[in-house]
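# sharing a model that was predicted from the sequence below.
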Amino acid sequence: MHDLLHFFTHISDEVRGIFLVGGLTLFLLLESGVPLFKMDYRKLKHAGINISFTVITLIVNLIGAALIFAAVQYNETNNTGLLNLIELPLWLYVF
């Protein structure tokens, strides 16, 4: 049990992604083969639409993260920003 807990505590990002995609694929295949309810729409087409929304969200979030990172780097190099306007005591820099 300790080995299993240690494995999942120190899992790499690649293995975590494989588990995620593999689990979603497994359950999509199970639901396609033995559905719990009969639906009148195509699940694979619906999954494709969901994947496209996920990819668009990922792209927008990565662009936003890059812009935030660039703004932080600019503020650090040029000493701009709201926190640089006033002199803060040393103990506040920890938080």
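Nice, I can see it. Numbers count the residues shown, from 1 in each chain.
# would you map out the domains in this structure?
With domains defined by automatic domain parsing, the chain comprises 1-40, 41-95.
# can I get the ones you listed in TSV including mean pLDDT?
Converted to TSV, these look like this (pLDDT from 0 to 100):
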stretch	mean pLDDT
domain 1-40	88
domain 41-95	89
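# any chance of those domains in TSV, with mean neighbour count too?
Just so you know, the C-beta spots here come from the backbone N, C-alpha and C atoms, and that holds for glycine as well. Shown next, in TSV, are those (neighbours: other C-beta atoms under 10 Å):
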stretch	mean neighbour count
domain 1-40	9
domain 41-95	10
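# what about the helices in the chain?
2-9, 13-33, 43-78, 90-94 (DSSP state H).
# indicate which one of the ones you listed is closest to N84.
Closest approach to N84 among those (C-beta to C-beta): helix 43-78, 7.3 Å.
# state the distance from the residue nearest the centre of the chain to F27.
By C-alpha atoms, centre = their mean, the chain has its centre lying nearest to L58, at 7.8 Å. L58 is 21 Å from F27, where distance means C-beta to C-beta, to the nearest Å.
# residue contacts, the residue nearest to the centre of the chain?
If you count contacts by C-beta atoms under 8 Å, 6 or more residues apart in numbering, L58 has none.
# and I11, backbone torsions?
Main-chain dihedrals, I11, degrees, to the nearest 10: phi -70, psi 140.
# distance-wise, check it relative to I56.
To I56, I11 is 27 Å away according to C-beta to C-beta.
# also L90?
L90 is 44 Å from I56, by C-beta to C-beta.
# what's the answer for L67, then?
Counting by C-beta to C-beta, the gap from L67 to I56 is 17 Å.
# same deal with N79?
36 Å.
# same question, A47
Relative to I56, and taking C-beta to C-beta, A47 is found at 15 Å.
# likewise for A70?
Counting by C-beta to C-beta, the gap from A70 to I56 is 22 Å.
# what's the answer for L5, then?
36 Å.
# ok, N75 next?
Counting by C-beta to C-beta, the gap from N75 to I56 is 29 Å.
# fine, thanks again, bye for now.
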